[in-house]
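*Asks:* just coords:
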């Protein structure tokens, strides 16, 4: 069965800390891995990763994929209180359920950044 | 990306009733999806809304309980029928643009069934 496992489930840090969030997956015919930030209700797209070893970066956030070991990490440097959110990892398998683009989500990591 | 709106943003309903959630996109999109997020859980795909044909439902979800319409390329509705407290969730629509698998989510509808 396809699955996505995120760790830790929750994390509390102080402003300025650096955090690393983990996502491991088991999926048939892997196509891509996506990271989302969820504040309140709507997940906001962060990154899509398809190739191993190529870092995606946006400001203080960066992510990398290891297709051999089947995991990805999301790094946040110099954390701010505005980074407090649930970070979701999702995987897209090829032709999952016969529908293109279906996402399999992990349970997320709840990050709390204290001032 | 796309600008996506959902209505209502939240609602409190009595068991046995039905609620229809609307999803509107500011541009024509290929794929539209409906997800459910139960309290403390991650997102689970309910169905893919197909324009001009019946929706494709995931295992565990049926059309009688979650009828979906998609009359055009910018609009879809999800109805939660004969609601029970177990249907209390956040319901999210998402879209993907072109052939990319990146999905963009609407603001969600928070439903509480009493």
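*Replies:* Good, I have the coordinates. Computed from a predicted structure; not experimentally measured.
*Asks:* C-alpha only now, for contacts and for neighbours.
*Replies:* OK.
*Asks:* strands of chain B, start to end?
*Replies:* B:4-7, B:10-13, B:19-25, B:31-37, B:43-49, B:56-57, B:68-72, B:75-80, B:89-96, B:103-105, B:109-113 (DSSP state E).
*Asks:* and of those strands, who's closest to residue A:1?
*Replies:* strand B:43-49 (14.8 Å; CA to CA).
*Asks:* and the contacts of that closest one?
*Replies:* A:99, A:102-105, A:107, B:31-37, B:55-58, B:61, B:68-70, B:76 (CA atoms under 8 Å, 6 or more residues apart in numbering or on different chains).
*Asks:* what lines up beside that strand in the sheet?
*Replies:* Paired strands of strand B:43-49, with direction, are strand B:31-37 (antiparallel), strand B:56-57 (antiparallel) (DSSP bridges).
*Asks:* confirm that residue A:82 sits in a helix.
*Replies:* Yes - counting by DSSP: H, G, I helix; E, B strand; the rest coil, residue A:82 is found in a helix.
*Asks:* give the rounded mean pLDDT of stretch A:94-101.
*Replies:* Averaged over stretch A:94-101, pLDDT sits at 52.
*Asks:* actually stretch B:41-61, sorry about that
*Replies:* 88.
*Asks:* got the end-to-end distance for it?
*Replies:* Counting by CA to CA, to the nearest Å, you get 17 Å between the two ends of stretch B:41-61.
*Asks:* so how far is it from its chain's centroid?
*Replies:* Distance of stretch B:41-61 from the chain centroid (CA atoms, centre = their mean, to the nearest Å) equals 8 Å.
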